[in-house]
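Chemist: how would this look folded up:
(one chain, ligands or ions: 1)
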Amino acid sequence: MAVVEVKLPHHQYEVRIEPGALRSLGGWVRDVAPHAQAALLGDANVMQPHGEAACQSLIEAGYQLTQHAVPPGEDHKTLDQMRGLYDVLLDNRLERRSPVIVLGGGVVGDTVGFVAASYLRGVPFIQCPTTLLAMVDASVGGKVGVNVPQGKNLIGAFWQPHLVVIDTDTLKTLPPRELRCGLAECLKHGIIRDGELFEWIDANLDRINALEPDALVELVRRNVQIKANVVMADEREAGERAHLNFGHTFAHAIEATSGYGVYHHGEAVSLGMVAAMKLAVDTQRVEASLLDQTVQLLDRIGLPTKADSLVATEQLMQSMRMDKKVADGRVRLILPDRMGAVSIVNDTPDEAIEAAWESLRG
Ligand code: GLY
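Modeler: All right, here's what the predicted structure looks like:
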């Protein structure tokens, strides 16, 4: 088993990574949140293949277990959905020390995490992410919340889990498109912090695509360690945690302006990283070879590096200005300094950003 420790000033927890880890879930939860009752709230699509192992293990560990299937999809990441989940916990009399365990991807993880943060003013929260994206990003760092009509993730909290259990076997049932989307965030981690990780993914892509157990554990471990390091240095995003948004200001504009489901998040991030890299080349921050290297690997993975269905550049610029990461009305971008290092840049001229958008067009 690989273990990454997340040590924060007032809280610390482990991320345990292992093929078949869900079979050990109950005993591990008992170590960090001993109580008579527990609730497992799982993505309805994930409960069928993976819920049974998790539930059985929790029951064997002595928990009186409440199970509930949560409707998946971004459309359900809402306050209404939360109300239903509070009802499940209240009706089953879950108490303040009862752990709430979430099984699924980032959408369900964020929603259930916010329920755990607010139910009885906060209960122990255990994350069992089942997508590569959630494993390497959302499950570490405590950002939880829901969408409202005014925007995504606008209502939420920081609520750190007591434990994260990553069963890499769950990746076997993940659609290949979602695996590729997770790899976009892994590449992002390489670009912002660790050039060797970027090279490792390049060298091991065939093993990853073949879902070799050792390769998956190593991939997840390296990425979780990077995410953990960033969160340990800046839990509340006062500074360097914003580096994780490399490519994301562009990506959010793509997601907000293209029709629902045209680009999945990781695909929009792939395009966003290419645009940010192009901007860095155009403004003489980095050599063109860094852009070429990035595009080549994204292409090999099968992620988009050109977009044929982008809306007008002015609309994309407007959407970027509405992003919640805007500071004092200026678009805040994360741009590379070299492979493995990025900076926050607040003074990029509009014309340079527009040129980066244009460069993405097919
Ligand atoms: N996903 C970005 C963050 O956790 O800060």
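
Chemist: enumerate the residues of the stretch 101-250 of the chain near the ligand.
Modeler: 137, 141, 143, 237, 241, 244 (CB under 6 Å from any ligand atom). In this view, the C-beta of every residue, glycine as well, is placed from N, C-alpha and C.

Chemist: I'd say the third one and residue 109 touch.
Modeler: No: in this structure residue 143 lies outside contact range of residue 109 using CB atoms under 8 Å: 9.8 Å.

Chemist: sorry, back to before: from the residues of the stretch 101-250 of the chain next to the ligand, which land in strands?
Modeler: When these are checked against strands (DSSP state E), the matches are residue 143.

Chemist: among the residues of the stretch 101-250 of the chain next to the ligand, show me the least confident.
Modeler: Lowest-confidence member of those: residue 237, scoring 93 (pLDDT).

Chemist: what segments of the chain are strands?
Modeler: With DSSP E as the criterion, the chain has strands spanning 2-8, 11-18, 37-43, 64-70, 100-104, 125-129, 143-148, 151-158, 163-167, 333-338, 341-345.

Chemist: JSON lines for those, including mean neighbour count?
Modeler: Formatted as JSON lines, these follow (neighbours: other CB atoms under 10 Å):
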{"stretch": "strand 2-8", "mean neighbour count": "15"}
{"stretch": "strand 11-18", "mean neighbour count": "19"}
{"stretch": "strand 37-43", "mean neighbour count": "25"}
{"stretch": "strand 64-70", "mean neighbour count": "19"}
{"stretch": "strand 100-104", "mean neighbour count": "29"}
{"stretch": "strand 125-129", "mean neighbour count": "28"}
{"stretch": "strand 143-148", "mean neighbour count": "21"}
{"stretch": "strand 151-158", "mean neighbour count": "15"}
{"stretch": "strand 163-167", "mean neighbour count": "26"}
{"stretch": "strand 333-338", "mean neighbour count": "20"}
{"stretch": "strand 341-345", "mean neighbour count": "17"}
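
Chemist: save those strands as CSV, and put in distance to residue 88 too.
Modeler: Formatted as CSV, the strands of the chain follow (distance: least, CB to CB, whole Å):
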stretch, distance to residue 88
strand 2-8, 28
strand 11-18, 24
strand 37-43, 7
strand 64-70, 5
strand 100-104, 10
strand 125-129, 15
strand 143-148, 16
strand 151-158, 20
strand 163-167, 21
strand 333-338, 39
strand 341-345, 41
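
Chemist: so the helix ranked longest in the chain versus strand 2-8, what angle?
Modeler: The residue-count maximum for a helix in the chain (DSSP state H) belongs to helix 213-233. Going by axes from the mean of the first three to the mean of the last three CA atoms, to 10 degrees, helix 213-233 is angled at 10 degrees with respect to strand 2-8.

Chemist: that older thread, where among the strands of the chain is average confidence lowest?
Modeler: Among those, strand 151-158 scores lowest, at a mean of 92.

Chemist: next one: it to chain centre, how far?
Modeler: Centroid separation between strand 151-158 and its chain, computed with CA atoms, centre = their mean, to the nearest Å, is 14 Å.

Chemist: partner strands of that strand and their direction?
Modeler: Strand pairing for strand 151-158, determined by DSSP bridges: strand 143-148 (antiparallel).

Chemist: the helices in the stretch 151-300 of the chain, which residues?
Modeler: Taking DSSP state H, counting those that start in this stretch as the test, the helices found in the stretch 151-300 of the chain are 176-193, 195-209, 213-233, 248-257, 265-282, 288-301.
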